[in-house]
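Colleague: starting from these lines, generate the structure:
(one chain, ligands or ions: 2)
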Amino acid sequence: MPITFEHVEHVYGADTPFHYAALVDVNLNIPLGKVTAIIGQTGSGKSTLVQHLNALLLPSQGKLTVLDKTIEAGKTTKGLKSLRGRVGLVFQFPEYQLFEETVLKDIAFGPKNFGVKEEEANQKAIEAMKLVGLDRELLERSPLELSGGQKRRVAIAGILAMNPEVIVLDEPTAGLDPQGTIEMMELFRKLNKTYHKTVLIVTHDMEQVFRYCADVIVMEKGSVRLHTSVKEFFHDGSLCRSMHILPPALIQFREQLTAAGYVIDDSVVTMDELASVIAGQVKSHG
Ligand code: ADP
Ligand code: MG
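Modeller: Numbering: from 1, shown residues only. Ligands and ions are numbered 1, 2, ... in the order given. Got it, this is the predicted structure:
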């Protein structure tokens, strides 16, 4: 069953002078089993959107369906706790998520909260730490003493320890160094490919969208401007440029080479492939 949004609106500060509609008539049909990117300018409603997926925020109007739960504005939905175990959300700011005294307790909190015995929860926490590349030495440290990148890894591990079907990550690589970013993106790819998790990633990084995601949702002023495949989105640079988004380096390079008379297929998606296509054409023109 896909994830669907039907005419979802979200108003912050309803019935106050600060009334603000952060989502306006959002309609979406997100297939399970894929890695989908959610992009858009700051303030376009990305974080508000993803917090609906595990019912942290509820729609002010409209309805959404996530797995087998339908959440409709103004109605109470039963079983939201179980939904929160099946849809793991990693916040944009990890500090919001970390509150236990130690890293171990923090990561084991989720499974324990869902009835897993302490020893087994700790075991799951240690496995999740390994997955995200956190050193075991950090087990007894306070999460608040860690670096920004480590905090983010703890927050991600806390979600993975619950083994959710859907993993939602709000700007998960902010604060990570380039190597850490690659490791994290590779982990999300593995969770999708090997463990068949549905992965939704909010990001500003077009290189990540291009390399790791299958589909892309573009948010604009609280609405969905576009939902398409990454292949279509970066077919050439024109579609993303029309939305004031700079295409990934490889696409810019492909555009320049095409303008210079080279024939480069859409299937060329790495620098190595591009180099060999160019080499072939340079040789044949001798
Ligand atoms: P994004 O993640 O794309 O940057 P957000 O979903 O965080 O966007 O925010 C969308 C809009 O809603 C912004 O204008 C923001 O200021 C506003 N907003 C976000 N959170 C709150 C809140 N808790 N109370 C009031 N307004 C908010
Ligand atoms: Mg945000």
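
Colleague: where in the protein is pLDDT low?
Modeller: Scanning the chain for pLDDT under 70 picks out the ranges 285-286.

Colleague: next one: phi and psi at residue 49?
Modeller: Note on residue 49: its backbone torsions stand at phi -60, psi -50 [degrees, to the nearest 10].

Colleague: was I right about it contacting residue 26?
Modeller: Yes. If you go by CB atoms under 8 Å, residue 49 and residue 26 touch, sitting 6.6 Å apart. To be clear about C-beta, it is placed using only N, CA and C from the backbone, and glycine gets the same treatment.

Colleague: so the residue most central in space within the chain bridges to which residues?
Modeller: In the chain, the residue lying closest to the centroid (CA atoms, centre = their mean) is residue 201, at 1.1 Å. Here residue 201 sits in beta bridges with residue 37, residue 169, going by DSSP bridges.

Colleague: how about the contacts made by it?
Modeller: Contact partners of residue 201, counting by CB atoms under 8 Å, 6 or more residues apart in numbering, are 35, 36, 37, 38, 169, 172, 188, 208, 212, 213.

Colleague: quick check: the residue of the stretch 151-286 of the chain nearest ligand 1.
Modeller: Closest contact between the stretch 151-286 of the chain and ligand 1, by CB to the nearest ligand atom, is at residue 219 (6.2 Å).

Colleague: secondary structure element for that residue?
Modeller: strand 215-220 (DSSP states H and E).

Colleague: is ligand 2 within reach of that strand?
Modeller: No. Using CB under 5 Å from the ion, we find that strand 215-220 stays clear of ligand 2, coming within 9.7 Å at best.

Colleague: flag every buried residue along that strand.
Modeller: For strand 215-220, the neighbour count (16 or more other CB atoms under 10 Å) marks 215, 216, 217, 218, 219 as buried.

Colleague: could you dump that strand to PDB, C-alpha only?
Modeller: Presented in PDB, the C-alpha positions along strand 215-220 are these (Å, rounded to 0.1, in the frame of the first residue of the first chain):
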ATOM      1  CA  ASP A 215      12.200   9.600  -7.200                       C
ATOM      2  CA  VAL A 216      12.000  13.200  -6.200                       C
ATOM      3  CA  ILE A 217       9.300  15.400  -4.600                       C
ATOM      4  CA  VAL A 218       9.800  19.200  -5.000                       C
ATOM      5  CA  MET A 219       8.000  21.200  -2.400                       C
ATOM      6  CA  GLU A 220       7.200  24.900  -3.000                       C
END
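
Colleague: determine which two of the buried residues of strand 215-220 are furthest apart.
Modeller: Pairwise distances across the buried residues of strand 215-220 peak at 13.6 Å for 215 and 219 (criterion: CB to CB).

Colleague: quick one: the residue nearest to the centre of the chain from residue 137, how far?
Modeller: Distance of residue 201 to residue 137, given as CB to CB, to the nearest Å: 29 Å.

Colleague: residue of the stretch 51-200 of the chain with the smallest distance to ligand 1?
Modeller: Counting by CB to the nearest ligand atom, the stretch 51-200 of the chain gets nearest ligand 1 through residue 92, at 6.6 Å.

Colleague: I'd say that residue and residue 168 touch.
Modeller: No. Counting by CB under 8 Å, residue 92 stays clear of residue 168, with 10.9 Å between them.

Colleague: and those two? which has more neighbours close in?
Modeller: The residue with more neighbours, out of residue 92 and residue 168, is residue 168; 27 against 17, by other CB atoms under 10 Å.
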